[in-house]
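Q: Kindly return the folded structure for what I paste below:
(chains A and B)
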Amino acid sequence: EPEVTQTPSHQVTQMGQEVILRCVPISNHLYFYWYRQILGQKVEFLVSFYNNEISEKSEIFDDQFSVERPDGSNFTLKIRSTKLEDSAMYFCASSSGTVGEKLFFGSGTQLSVL
Amino acid sequence: DQQVKQNSPSLSVQEGRISILNCDYTNSMFDYFLWYKKYPAEGPTFLISISSIKDKNEDGRFTVFLNKSAKHLSLHIVPSQPGDSAVYFCAASGNYGGSQGNLIFGKGTKLSVKP
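A: All right, here's what the predicted structure looks like:
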């Protein structure tokens, strides 16, 4: 069964450093998402991406965050200057449609900001 | 702002018995409700969904019930198996306002099924 893959599985960085989290969505999917889960809290929506542009973003997704689909397969989340509170598990997801369509999630990247 | 609420952080059930996981929501614009299951160190995996025009959807051992007037849904697992032990997330989506159908998750309920 096709799956969403994320790299790296763990990322440790110093506060103020830039990080790039990488994702390879399922190949025929058109909608891409980033979610995050801070330890002990719920899974939170960050951003959705369709047709090479952001279609929706949450208030968490401020100017420090950006997403890109640099080629036909990768989907990246960049955090420009990491803060301690960015420490979380970041999940990439993709789907073939919009409302009601189930999302397929990757295994996540655990980001630790020291 | 908790649009989707799972008020029970944990649930323990004996193998073979029924597990009932509950979820409440506040936004009447939600059109679809989904349940995801999550094992440690893995991403959420889709389990079952229901459209707001239905009140029940069944898939094998899993049934989701939707009560729109009460803004409440529940997931029933019968019979429960030890392999069902995981965190279960309720999620909702709707095509309203600027929303493009992104999922709003509850905080999750950790289900433990004891042999």
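Q: What pairs with the helix or strand containing A:S48, parallel or antiparallel?
A: In the assignment (DSSP states H and E), A:S48 maps to strand A:43-50. Strand pairing for strand A:43-50, using DSSP bridges, gives strand A:31-37 (antiparallel), strand A:53-57 (antiparallel).
Q: Of those, which stretch is the most buried?
A: strand A:31-37 (a mean of 25; mean count of other C-beta atoms under 10 Å in any protein chain shown). Any C-beta I mention is one placed from the backbone N, CA and C, and that applies to glycine too.
Q: mind listing the strands for chain B?
A: B:4-5, B:10-14, B:19-25, B:32-38, B:45-51, B:56-59, B:62-67, B:72-77, B:86-93, B:104-105, B:109-114 (DSSP state E).
Q: Those: which one's closest to A:K78?
A: Each of these has some distance to A:K78 by C-beta to C-beta; the shortest is strand B:104-105, at 23.4 Å.
Q: one step back: which one of the strands of chain B has the lowest average pLDDT?
A: With a mean of 89, strand B:104-105 has the lowest mean pLDDT of the strands of chain B.
Q: For chain B, what lies in contact range of chain A?
A: B:31-32, B:34, B:36, B:41-46, B:49, B:51, B:89, B:93-95, B:98-108 (C-beta under 8 Å from any C-beta of the partner chain).
Q: residue nearest the centroid of chain A?
A: A:W34 (3.1 Å; C-alpha atoms, centre = their mean).
Q: so what's that one closest to, chain neighbours aside?
A: A:L46 (4.3 Å; C-beta to C-beta, 6 or more residues apart in numbering or on different chains).
Q: my read: the one you found touches A:R36, true?
A: Yes - using C-beta atoms under 8 Å, A:L46 makes contact with A:R36 at a distance of 5.9 Å.
Q: Next, show the common contact partners of the two.
A: Taking C-beta atoms under 8 Å, 6 or more residues apart in numbering or on different chains as the contact rule, the neighbours common to A:L46 and A:R36 are A:I60, A:Y90.
Q: the strands in chain A, which residues?
A: A:5-7, A:10-13, A:19-24, A:31-37, A:43-50, A:53-57, A:65-68, A:75-79, A:88-95, A:104-105, A:109-113.
Q: Out of these, flag the one nearest B:G60.
A: Of the strands of chain A, nearest to B:G60 by C-beta to C-beta is strand A:104-105, at 19.7 Å.
Q: counting contacts, what elements does the closest one pack onto?
A: Packing contacts for strand A:104-105, counted by 3 or more C-beta pairs under 8 Å, 6 or more residues apart in numbering or on different chains; DSSP states H and E, involve strand A:88-95.
Q: and if we set it to 10 Å?
A: The contact analysis (3 or more C-beta pairs under 10 Å, 6 or more residues apart in numbering or on different chains; DSSP states H and E) places strand A:104-105 against strand A:31-37, strand A:88-95, strand B:45-51.
Q: For it, which strands pair with it and how are they oriented?
A: Strand A:104-105 has these strand partners (DSSP bridges): strand A:88-95 (antiparallel).
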